[in-house]
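coords please:
(one chain, ligands or ions: 2)
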Amino acid sequence: MVKTATALTIAGSDSGGGAGIQADLKTFQMLGVYGASAITAVTAQNTLGVHGIYDIPVEGIALQIEAVLDDIGADAVKTGMLSKPEVIELVARIAEQRGIKRLVVDPVMVAKGGARLLVPEAESALRDKLLPLAAVVTPNAPEAEVLTGRAVRSREDQRRAARRLVDELGAGAAVVKGGHLDGEPVDVLYDGRELVELPGERYVTRHTHGTGCTFSAALTAGLAKGQPLPEAVASAKRFVAAAIREELGIGGGHGPTNHWAGARA
Ligand SMILES: Nc1ncnc2c1ncn2[C@@H]1O[C@H](COP(=O)(O)OP(=O)(O)O)[C@@H](O)[C@H]1O
Ligand SMILES: Cc1ncc(COP(=O)(O)OP(=O)(O)O)c(N)n1
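Ligands and ions are numbered 1, 2, ... in the order given. Model (predicted):
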C-alpha cells in the first residue's frame, strides 16, 4: 500500500466555499493529500461578504485537533482564521507538545470585504507565540505590516519584512505575498539564508476570494508530500496563479478561485 500524505487545517469555515477550511480541503484533495480539519469558527459568508461569525469553544477546537492527531496524524499542519488569543495559545501549546515541525501559519486577519477574522488583541499572541513555531509564515502585505510594525508598500519593504519575520521574530521561513501591492504580484520567500522572488502575472478579475488560503494550503500540501520548502512555495504559486487565471464566475461579488485549474497547473 502506498502511504498517503496527510494534512490538517485549523481554520474557520466559509459557508460560501471559497476560503477557510473549504478552500484548504479542496486544495489538499486536488494535490493528492488527505485533508482533515479542526474548525475554529463558523462564518456565514458568501462572495459578497461575511454576514456572521460564530466561534467554536476552545475545548471543542482542542478535541478536534487531538482527535485528528491521535488517529490520522498529519504530515503537515496549517492555520488560518484563529479568531482570538485563547485559540492561538491552544494551537501553540499543541504544536509544541506534539513537536509539529511542518507548521504553516497563514496569519489571517481581515477578509476581503473588511470583516475582522482576528480580534486586534490577538495580533501580539500570533506574533509572539505562534510565529516562532512556524516552519513558514505567509502574510499578505497588510498582515506583514501588523506583524513587523513597519510599512510594506514596495518590493524592498517585502524583503525587509520577510527578513524581520525570520531573523527577529523567529519564524523558520516567511513568504511575504504581493497580491495587495501595485504591479506584478511578486511573492518574496526568505528561509533565513537567501531571499527568493517568485514573479507572477497579475490577472484582472474580481474572483480572488480565498487566494491566501489556497496558496498556504497548496504550500502545506507540498510540505506534507515531503517537497523542500522552495519547491513547495513555487508549486503553491503556480497553483494559485492558475486558480485565479481560470475564473469560475461564481457569485455576485469576489468569487472563489478555481481549484481544478490549480491542479492542472
Ligand atoms: N490578481 C492576481 N493575479 C495573480 N496572482 C495574484 C493576484 N492576487 C493575488 N495573487 C497571488 O495570490 C496569492 C495570495 O496573495 P494575496 O492576495 O497577497 O494574499 P491574501 O489572499 O492573503 O490577501 C499570492 O501568491 C499572490 O501573488
Ligand atoms: C473562514 C475564512 N478564513 C479566511 C478568510 C480569508 O481568506 P483569504 O484567503 O485571505 O481571502 P480573502 O478573504 O482575502 O478573499 C476568509 N474570508 N474566511
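
residues near residue 265, how many?
Using other C-beta atoms under 10 Å, residue 265 is surrounded by 15 other residues. For the C-beta atoms, the positions are set from N, CA and C on the backbone; glycine is no exception.

burial check on the residue nearest to it when sequence neighbours are not counted, number of neighbours?
Once flanking residues are discounted, residue 265 sits nearest to residue 242: 3.5 Å by C-beta to C-beta, 6 or more residues apart in numbering. Counted by other C-beta under 10 Å, the residues lying close to residue 242 total 19.

check whether the longest helix along the chain comes near ligand 1.
Longest helix in the chain, counting residues (DSSP state H): helix 229-245. Yes: using C-beta under 6 Å from any ligand atom, helix 229-245 reaches ligand 1 at 237, 240, 241, 244.

quick check: buried residues in that helix?
229, 232-237, 239-245 (16 or more other C-beta atoms under 10 Å).

what's that helix in contact with?
Helix 229-245 has contacts (C-beta atoms under 8 Å, 6 or more residues apart in numbering) with 27, 30-31, 135-136, 173, 175, 187, 189, 191, 196, 198, 200-201, 203, 205, 207-208, 211, 214-216, 218-219, 221-223, 227, 257-259, 261-265.

and residue 185, what does it touch?
Counting by C-beta under 8 Å, 6+ apart, residue 185 has contacts 177, 178, 179, 200, 201, 202.

dump those residues into CSV; add distance to ligand 1, pLDDT and neighbour count as well.
Rendered in CSV, the data for the contacts of residue 185 read as follows (distance: C-beta to the nearest ligand atom, whole Å; pLDDT from 0 to 100; neighbours: other C-beta atoms under 10 Å):
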residue, distance to ligand 1, pLDDT, neighbour count
177, 4, 98, 27
178, 5, 97, 24
179, 2, 96, 17
200, 5, 96, 18
201, 6, 97, 9
202, 4, 97, 15
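
let me have the residues you listed in CSV, extended by distance to residue 93.
As requested, the contacts of residue 185 are arranged in CSV below (distance: C-beta to C-beta, whole Å):
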residue, distance to residue 93
177, 28
178, 33
179, 32
200, 36
201, 41
202, 40
